[in-house]
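Asks: Would you be able to build a 3D model of this:
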Amino acid sequence: MKYISYLLAISGIYLFVFACQPAPCTDDGCPEFNELTVPPDNIITPEAKIGSLENDYTVIPVVATDNKDDFVYSLNQCIIHLYKNVPKEKQIPRELIIAQAALETGWGTSRFANEANNLFGIRTWNKDEKYLLPIPWTEWPGWGVKVFETKCDSVAYYIRMINEVFAYEEFREVRQYHWDQGVEPDGLDLAHTLTKYASRVNYTDLVATLIKYNIRGVYEL
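Replies: Below is the predicted model:
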C-alpha cells in the first residue's frame, strides 16, 4: 500500500508539472510565428523528386478538425493514402507528421488549418499565390501562410519539403542511416533533427513530447 501511495504521489507531481507547461504556439497570436524558418531560397520547385503527390490521387482524403481524435485518425488516413506513391525509404514516420501538425495547429483548431488548409505553417513568398497573414497583419510583409486546396495537399507538400529542402538534410541522413542498419526510422529520433523547422529552441523537444506522451500508446496508427 505504501508503495502504491508513492507511485500515486509521483504521478500527481508529473501531471501537475506537465499541465503547467506553456501552451504550444500554433497560430496568429504567437510571437514566434513570424520566425518560422523555411528560407525563401529553399522554396520547392514544381518538379517533385519523389512523385507528384498532390495529383496522384483521385479521391481527396478529408482531414477532419472537429475534435482531436478525428484529427489524428483522418490525418493518418491521408498519410497512408499519399504513401501509396512514396518509396518506403522516402517516407516520414506518420507519428512525426501528426505530432508536427498537432503542434502547428493546436490539434487542427487554428485559423491557418481551417481557412488556409495549412497544417504545418508553410509559407509562400509569391504574392500572386493565395495566402493568409497572421492577425493583426494587414499588409504583405514579404511572405504569407500558403493556402492549399485541401489539408491533405498540405501534407503532400510537407513530405516533399522534408525530402527535398537543404535545411532538412540531417533528417534525411539519419533516416538513411536507420535503413542502412536494417531498422525502420523512429519518429522520436528523427524529431530531434528538425532544428531548422522553427526558431523556437525547444521546438524539437515539444514535437518529441507529443509523440511520446500524446500519440504513442494513445492512438493505433
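Asks: residue closest to the middle of this structure?
Replies: Residue closest to the average C-alpha location in the chain (Cα atoms, centre = their mean): residue 100, at 2.6 Å.
Asks: Tell me the predicted confidence for that one.
Replies: The model reports residue 100 with a pLDDT of 98.
Asks: Distance-wise, check residue 144 relative to residue 123.
Replies: Look at residue 144 and residue 123: by Cβ to Cβ, to the nearest Å, they are 7 Å apart. Just so you know, the C-beta spots here come from the backbone N, C-alpha and C atoms, and that holds for glycine as well.
Asks: and for those two, which residues touch both?
Replies: Common neighbours of residue 144 and residue 123, counting by Cβ atoms under 8 Å, 6 or more residues apart in numbering, are absent.
Asks: mind listing what the residue nearest to the centre of the chain touches?
Replies: 120, 158, 194, 197, 207.
Asks: any idea which of the residues you listed is the one closest to residue 138?
Replies: residue 120 (23.9 Å; Cβ to Cβ).
Asks: Correct me if wrong: that closest one contacts residue 151.
Replies: No - with contact defined as Cβ atoms under 8 Å, residue 120 does not reach residue 151; the gap is 10.1 Å.
Asks: can you map out the helices along this structure?
Replies: In the chain, the helices defined using DSSP state H lie at 2-19, 68-82, 94-105, 111-115, 151-164, 169-180, 187-191, 203-209.
Asks: for the record, mean pLDDT for the second one?
Replies: What that stands for is helix 68-82. Computed over helix 68-82, the mean pLDDT rounds to 97.
Asks: how far off helix 151-164 does that helix point, in degrees?
Replies: Angle of helix 68-82 versus helix 151-164, following axes from the mean of the first three to the mean of the last three Cα atoms, to 10 degrees, is 60 degrees.
Asks: same for helix 68-82, what does it pack against?
Replies: Counting contacts by 3 or more Cβ pairs under 8 Å, 6 or more residues apart in numbering; DSSP states H and E, helix 68-82 is packed against helix 94-105, helix 151-164.
Asks: ok, and which of those helices has the densest surroundings?
Replies: Mean neighbour count (mean count of other Cβ atoms under 10 Å) peaks for helix 94-105 among those, with a mean of 25.
Asks: For it, output the C-alpha coordinates as CSV.
Replies: Output of helix 94-105 as CSV, limited to C-alpha atoms (Å, rounded to 0.1, in the frame of the first residue of the first chain):
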residue,chain,number,x,y,z
ARG,A,94,3.4,9.0,-39.5
GLU,A,95,3.6,9.8,-35.8
LEU,A,96,6.1,12.6,-36.5
ILE,A,97,3.9,14.2,-39.2
ILE,A,98,0.9,14.0,-36.9
ALA,A,99,2.9,15.5,-34.0
GLN,A,100,4.1,18.4,-36.0
ALA,A,101,0.7,19.1,-37.5
ALA,A,102,-0.8,18.9,-33.9
LEU,A,103,1.8,21.4,-32.6
GLU,A,104,1.5,23.8,-35.5
THR,A,105,-2.4,23.9,-35.5
